[in-house]
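Participant: Okay, predicted coordinates and the sequence, questions at the end:
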Amino acid sequence: MSLFLSAAILICAPATAYPQSVHRTFSHNTDYNLANGISYHQPFVALNDTLGQGVNTDLPDPSSVLYKSMIIPGWGQIVNKQAWKVPIVYGILGGLGYFSVHLTKKYHDYRAAYYNLNPRPPSNEPPTDQRFGPTPSYIPENASLEQIRNLRNEYRNNRDLVYVGIVLAYGLNIIDAYVFAHMRSFDVSEDLSMRPTISPGIMAQSNAPGITLSIDLITK
């Protein structure tokens, strides 16, 4: 019996299912004449369109949030009412920015030291033009050129990686604001249960009696 009832629901559901919450308004009654002289009396049911109901016009436009985050990092999070993310955004960007300045200064120091201490042909003496500035005092003049070159390259590579991190952090700030602007309309309340309702009805194509299955997914 349960198998028969389940099959009947699956067959009738596509013909009478509605992708939204349904509110009914009864206007008049209708008589249906079925085969073998059997008649069926059913009140006419008018279904109100609920597509426009429950739409919160206060929700931000995702495109607008996207552009605001591109102009000023953190602006999109403020529009999304997630201001607690702004310190995180600026903490990451500020930290990476400060680290990039530190690495750039170190790279310039070791670049100048390597240039000033590296002998050049034909005299095979170190240059005296100080093209990249004087050698910093914390770098000894008798330091190994190989070590200075390795440190110069290491600081340069790390600085470039930090630049990539800044770009990624900036991009994540934009993606975060854009995605959450879309998700703000989602129902994240504790009551997300469905409210199915089963009632007798008439199939539109064959005027045969059937079952109407209505599922209310919106509980607000």
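Facilitator: Sure, I can see it.
Participant: For Y107, give me its contacts.
Facilitator: Contacts for Y107 (C-beta atoms under 8 Å, 6 or more residues apart in numbering) come out as R152, Y155, R156, R159. C-beta here means a position set from N, CA and C on the backbone, and glycine is covered the same way.
Participant: and the third one, what is it in contact with?
Facilitator: By C-beta under 8 Å, 6+ apart, the contact list for R156 reads Y107, R111.
Participant: element containing it, please.
Facilitator: helix 145-183 (DSSP states H and E).
Participant: Give me the sheet partners of the next helix or strand after that helix and which way each runs.
Facilitator: Sequence order places strand 195-202 as the next helix or strand after helix 145-183, per DSSP H and E. Take DSSP bridges as the rule and strand 195-202 pairs in its sheet with strand 209-216 (antiparallel).
Participant: Could the C-alpha coordinates of the partner strand be exported in CSV?
Facilitator: Included here for strand 209-216 are C-alpha records, laid out as CSV according to Å, rounded to 0.1, in the frame of the first residue of the first chain:
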residue,chain,number,x,y,z
PRO,A,209,-8.6,13.3,-9.8
GLY,A,210,-5.2,13.5,-8.4
ILE,A,211,-3.1,14.7,-5.5
THR,A,212,-1.6,18.1,-5.1
LEU,A,213,1.8,18.2,-3.3
SER,A,214,2.8,21.7,-2.1
ILE,A,215,6.1,22.3,-0.3
ASP,A,216,6.7,25.5,1.5
